[in-house]
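# 3D, please:
(2 chains)
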Protein chains: 2
Amino acid sequence: MRSVAVIGIGKTAFGVLPGDLRSLAVEAIAGALSDAGMGAAAVEAFYLGNFAGPSFVGQNHLAPYIGMAAGFGAIPSTRIEDACASSGSAFFHAWQSVAAGIYDVVVAAGVEKMTSQGTPRVTEILAAAGDMASEGRAGATFPALFAMIARRHMHEFGTTRRQLASVAVKNHANGAKNPLAHMRKVITLEQALAGKPVAEPLTVYDCSLISDGAAAVVIVPAEHAKRYTSRFARVLAVAQTSDYVALDEKPSITAFPAVRSAGERAYAMAGLGPQDIEFAEVHDCFTIAEIVASEDLGFVPKGEGGPFAEAGCSAIAGRLPINTSGGLKSKGHPVGATGVGQICDVMMQLRGEAGERQVARRRVGLAQNLGGSGATCVVTILEAA
Amino acid sequence: MRSVAVIGIGKTAFGVLPGDLRSLAVEAIAGALSDAGMGAAAVEAFYLGNFAGPSFVGQNHLAPYIGMAAGFGAIPSTRIEDACASSGSAFFHAWQSVAAGIYDVVVAAGVEKMTSQGTPRVTEILAAAGDMASEGRAGATFPALFAMIARRHMHEFGTTRRQLASVAVKNHANGAKNPLAHMRKVITLEQALAGKPVAEPLTVYDCSLISDGAAAVVIVPAEHAKRYTSRFARVLAVAQTSDYVALDEKPSITAFPAVRSAGERAYAMAGLGPQDIEFAEVHDCFTIAEIVASEDLGFVPKGEGGPFAEAGCSAIAGRLPINTSGGLKSKGHPVGATGVGQICDVMMQLRGEAGERQVARRRVGLAQNLGGSGATCVVTILEAA
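This is a model prediction of the structure:
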């Protein structure tokens, strides 16, 4: 397998946006191509991550629909759906195709347009990433599923509401400094603790946002990267793994085997361990998810994710900065765009372009994208050129 | 790129089936694994084609949902959506991954469960494979779009209702001999001509069926195939291409550039020409689509698809048998299953297992899977071992 490099990134703002699904995706793709200094005609394959365009905006067959508007022409244009990990998976397949020598220039993108539906309908559409025959029939939406995970984590490890709230406070503080974030609002611990309940023990401040947005990256073999830019990063590893969709089929709900195995595979591929990761974007669809991810990725021992966050270790100035973009919590979570969006955010840090949010150690960053309640996971490790 | 072989096939019957989406897919996958003489634990990646499970049955995140039930465990499980070419595209990506040396054992499958919805809702869900902002807003469902294609083809080339009806009569005759076909009913030319109008000039006999069903194949490097079975076939070529989703963006609506380019790429890859294809499964979502495909694939010059069908050249005993399975018209069209289903049908012919439908020359067969009104096309060429 060849070494692969990300040579261009493009992102729309995340938020309540006027553009339609296609125009958002095309904007992000044009940005990534421009950043890479190339035109659409050079692209040999297009991988699009989208979770639920047909349900949110009534349009299916999205890969050629977007690809033709982006100028890609007759090349293979393929939509990948793996719930909230749709564009993480799109990136995985794009990377595979370049690493294996099939193509030399590939675009991976993700998009979701969610705010054209009201919150009840959005919640219903998102619930279809869980097991509708069991969880859905029982009325369990994602806030309810992650509330169960949080309760069980509290029971097993003594995790507290204050620790969950610390994640929210940190991610809001980071997002407030990110010009592309959906909710640029600093909150206090007291506010987070007094949030309106959504599904106990989760409040509105524990839940990620319903957002529109798109993100795209251009990848090439690492040996070609310098032809295009000096601002590239090497893809040290990408791993995609799977697990049961329904929570009740898993032996434990406080650890996700898919995250553990994706992390282990990625570390092995990169020849690194969790101690080598200098900063990370993890999938904080709920505050508890960031805590569980920090454990399953080996950043801290099991059960210590809460104290880690509360102690400020995951803050920008902390030992291992997590979600310096603001995370799904504050930056926003346009589902299909989230995976590639995280990779763009890691790239900005690696290139030293994160402004007020810039981390000090910026050589190796990790992105972790989760689908559903742990049924799909994609872990990517990038290294600055 | 390594030569790749299909070593196992599995199909459910197509029709109005009692099983749910997941159980249908698992049945087809189990059949393919059993046919290949291997267990699920040997599989290294899973590519699932599904067009609209979330809309038809309310379940999304289908790749791990099905993959875990099929016994695949932590391997990458990915859903591919490219409209009616979803599983053709799943096969393309599965093939790429084995050809490029990423994996040694991969399953590509497709599934759709359509009959839990009534025809008006099914038509609406299918319409989302077209351009909803233009075609959909104008009320143009797929029968309407293909009716326009038929009318224009009649205008340009003198194609007749009788020629369209000949395709229906042939495919019904073939499907009547296929134990897995949805509608095993012989019809006469008079019946086809007198069919109830759907969208003039198309009648019910010109339209494919709304079906449930699933299909799966197991692929490995050709050099490994003999370890598993003597009944394998070599994949000589697979090509996936894209074009505009909306008909009004295409320079002509009587030829699909995506079909032409996929055919050209596949012929070049296989080192063959249209004259070397001994039989084919083509995407007859409507009778006119079979006629256009026979032209765009180079089986006949442009405009001669109608006379070719009417003269019996595409019958089982004809010069180039097309849709010996009964095609989408009679075998059924569970959208996401159709592409891999075609490959299973070609395999049965190559292996001499097509019973009453067996063609005489059975060394090289082609499958052509179309998404929407020509926005995605996947062409596969297989050769008997």
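
# which residues does residue A:129 contact?
A:51, A:83, A:84, A:142, A:245, A:371, A:372, A:375, B:60, B:61 (C-beta atoms under 8 Å, 6 or more residues apart in numbering or on different chains). Every residue, glycine included, has its C-beta placed from N, CA and C.

# And the furthest pair within these?
Maximum pairwise distance among the contacts of residue A:129 (C-beta to C-beta): 13.8 Å, between A:51 and A:245.

# Write out the residues of the stretch 201-350 of chain A neighbouring chain B.
Selection of the stretch 201-350 of chain A residues close to chain B by C-beta under 8 Å from any C-beta of the partner chain yields A:240, A:241, A:242, A:243, A:244, A:245, A:249, A:257, A:258, A:261.

# which helices and strands does the helix or strand that contains residue A:293 pack with?
Secondary structure from DSSP states H and E places residue A:293 in helix A:287-296. Counting contacts by 3 or more C-beta pairs under 8 Å, 6 or more residues apart in numbering or on different chains; DSSP states H and E, helix A:287-296 packs against helix A:142-157, helix A:161-175, helix A:257-270, helix A:305-310, helix A:327-330, strand A:364-371.

# For stretch A:221-241, give the mean pLDDT please.
Averaged across stretch A:221-241, the pLDDT comes to 97.

# Check stretch A:81-94 too.
pLDDT averaged over stretch A:81-94 gives 98.

# That one and chain B, are they touching?
Yes - applying C-beta under 8 Å from any C-beta, one finds stretch A:81-94 touching chain B at A:81, A:82, A:83, A:89, A:92, A:93.

# if I look at the residue in chain A that chain B sits nearest to, how far off is residue A:87?
Residue of chain A nearest chain B, by C-beta to the nearest C-beta: residue A:100 (3.4 Å). Residue A:100 sits 20 Å away from residue A:87, going by C-beta to C-beta, to the nearest Å.

# between these two, who's got more neighbours?
The residue with more neighbours, out of residue A:100 and residue A:87, is residue A:87; 37 against 19, by other C-beta atoms under 10 Å in any protein chain shown.

# one step back: report the contact partners of the residue of chain A closest to chain B.
Counted by C-beta under 8 Å, 6+ apart, residue A:100 has contacts A:1, A:2, B:96, B:97, B:100, B:101, B:102.

# What count of nearby residues applies to residue A:264?
Neighbour number of residue A:264 under other C-beta under 10 Å is 18.

# coming back round to it: alpha carbons of the helix holding residue A:293, as PDB, please.
The C-alpha trace of helix A:287-296 is given here as PDB (Å, rounded to 0.1, in the frame of the first residue of the first chain):
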ATOM      1  CA  THR A 287     -20.900  14.600  26.100                       C
ATOM      2  CA  ILE A 288     -20.800  11.000  27.300                       C
ATOM      3  CA  ALA A 289     -19.600   9.900  23.900                       C
ATOM      4  CA  GLU A 290     -16.500  12.000  24.200                       C
ATOM      5  CA  ILE A 291     -15.800  10.500  27.600                       C
ATOM      6  CA  VAL A 292     -16.300   7.000  26.300                       C
ATOM      7  CA  ALA A 293     -14.200   7.700  23.200                       C
ATOM      8  CA  SER A 294     -11.300   9.000  25.200                       C
ATOM      9  CA  GLU A 295     -11.300   5.700  27.100                       C
ATOM     10  CA  ASP A 296     -11.900   3.400  24.100                       C
END
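
# quick one: that helix to helix A:257-270, angle?
40 degrees (axes from the mean of the first three to the mean of the last three C-alpha atoms, to 10 degrees).

# buried subset of the contacts of residue A:100?
Buried subset of the contacts of residue A:100 (neighbour count, 16 or more other C-beta atoms under 10 Å in any protein chain shown): B:96, B:97, B:100, B:102.

# pLDDT value on the second one, please?
On pLDDT, residue B:97 comes in at 97.

# Distance from the helix or strand that contains it to the middle of the chain?
For residue B:97, the host element (DSSP H and E) is helix B:86-99. Relative to the centre of its chain, helix B:86-99 is centred 14 Å away, using C-alpha atoms, centre = their mean, to the nearest Å.

# and if you look at stretch A:5-16?
12 Å.

# Start and end of it, how far apart?
Start to finish, the residues bounding stretch A:5-16 are 32 Å apart (C-alpha to C-alpha, to the nearest Å).

# any weak-confidence spans in the stretch 201-350 of chain A?
Residue ranges of the stretch 201-350 of chain A with pLDDT under 70: none are present.

# thinking again about what came up before, any chance of the contacts of residue A:129 in a markdown table, with neighbour count and distance to residue B:267 too?
What follows is the contacts of residue A:129, written out as a markdown table (neighbours: other C-beta atoms under 10 Å in any protein chain shown; distance: C-beta to C-beta, whole Å):
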| residue | neighbour count | distance to residue B:267 |
| --- | --- | --- |
| A:51 | 32 | 36 |
| A:83 | 30 | 38 |
| A:84 | 30 | 40 |
| A:142 | 21 | 48 |
| A:245 | 33 | 41 |
| A:371 | 33 | 38 |
| A:372 | 32 | 42 |
| A:375 | 32 | 40 |
| B:60 | 29 | 37 |
| B:61 | 30 | 37 |
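
# nearest to residue B:328, of those residues?
Taking C-beta to C-beta as the measure, residue B:60 is the one of those closest to residue B:328, at 24.9 Å.

# returning to what we had before: adding distance to residue A:309, write the residues of stretch A:81-94 next to chain B out as CSV.
Output for the residues of stretch A:81-94 next to chain B, formatted as CSV (distance: C-beta to C-beta, whole Å):
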residue, distance to residue A:309
A:81, 31
A:82, 27
A:83, 25
A:89, 27
A:92, 28
A:93, 32
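
# Most neighbours of all those residues, which one?
Among the residues of stretch A:81-94 next to chain B, residue A:82 has the most neighbours (other C-beta under 10 Å), with 35 neighbours.

# ok, then the element right after the helix holding residue B:97?
Of the helices and strands lying after helix B:86-99 in sequence (DSSP H and E), the nearest is strand B:106-112.

# Run me through the strand neighbours of that following strand, direction for each.
strand B:45-49 (parallel), strand B:213-221 (antiparallel) (DSSP bridges).

# Tell me which of the ones you listed approaches residue A:138 most closely.
Taking C-beta to C-beta, strand B:45-49 is the member of the strands paired with strand B:106-112 nearest to residue A:138, at 25.4 Å.

# how many other residues sit next to residue A:50?
For residue A:50, the count of nearby residues is 31 (other C-beta under 10 Å).

# Return the residues in contact with it.
Contacts for residue A:50 (C-beta under 8 Å, 6+ apart) come out as A:62, A:79, A:80, A:81, A:86, A:87, A:110, A:111, A:112, A:336.

# Widest-spaced pair of the residues you listed?
Greatest spatial distance in these: A:80 and A:112, 13.0 Å, computed using C-beta to C-beta.

# re the thing from before, out of the helices and strands packed on helix A:287-296, which one sits most buried?
helix A:327-330 (a mean of 32; mean count of other C-beta atoms under 10 Å in any protein chain shown).
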